[in-house]
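A.B. asks: show me the folded form of this:
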Amino acid sequence: MKPTTILIIMGLAGITILSINTMEVFSADKKGIVADFNDKNSAESFFVTITDGTKQFSFNTISRIGIVRSDNPQFLLESIPSHDNKEFLKFVSKSLNINPNDPSFFDVTIDILAKEGTIIETLVYKHCTINEYFAYTNDSKGTYSLLNRDSSKSEIRDVTKFDCVKLDIKV
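C.D. replies: Numbers count the residues shown, from 1 in each chain. From the prediction side, this is the model:
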């Protein structure tokens, strides 16, 4: 009989039970798995490009991506509002004020970059709309400051929520 660990996860959506064969997990060659992992080749930043059919613009001021579980691919982009991403904020404002019965769709490409700038993977979201935007003050002392400043100071962040039809991942 193989040793097995049962992990039970409880949440708002119910209970999920995962069964993991511990013999298979711990018998893997750990040296081979982590041999090429280092700061130079691991993900460090995001480069986002939005294409709406008439124009395309790019920015790299995104600090976090969140994936939302739903029937359609949805994701969140979090950043610190700044002069560097004014074009993005204008686009968000325009997108939120479009007639909901006649939405304007666009594509979002997110390149996940290593420290030296090489692309690790690319997330290509197709036929997207923006359905939510909000700004908030992150003043939790237990949260890492995105600006590398004193963690006792609050930090204003913004979140944009996208709803898309398709996601392709290119590696």
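A.B. asks: only C-alpha atoms from now on, for both contacts and neighbour counts.
C.D. replies: Fine.
A.B. asks: contacts for the lengthiest helix in the chain?
C.D. replies: Longest helix in the chain, counting residues (DSSP state H): helix 86-96. Contacts of helix 86-96 with the rest of the structure, by C-alpha atoms under 8 Å, 6 or more residues apart in numbering, involve 59, 104, 129-133, 160.
A.B. asks: helix or strand for the residue positioned nearest the centre of the chain, which one?
C.D. replies: Closest residue to the average C-alpha location of the chain: residue 65 at 1.7 Å, with C-alpha atoms, centre = their mean. Taking DSSP states H and E as the criterion, residue 65 maps to strand 62-68.
A.B. asks: for this structure, what spans make up the strands?
C.D. replies: If DSSP state E is used as the criterion, the strands of the chain fall at 4-11, 14-21, 43-51, 56-59, 62-68, 74-79, 106-114, 119-138, 155-163, 166-170.
A.B. asks: so how far is the shortest one from its chain's centroid?
C.D. replies: Pointing back at strand 56-59 there. Centroid displacement of strand 56-59 relative to its chain, using C-alpha atoms, centre = their mean, to the nearest Å, is 17 Å.
A.B. asks: where are the low-confidence patches of this protein?
C.D. replies: 1-37, 140-152 (pLDDT under 70).
A.B. asks: no more questions from me, cheers.
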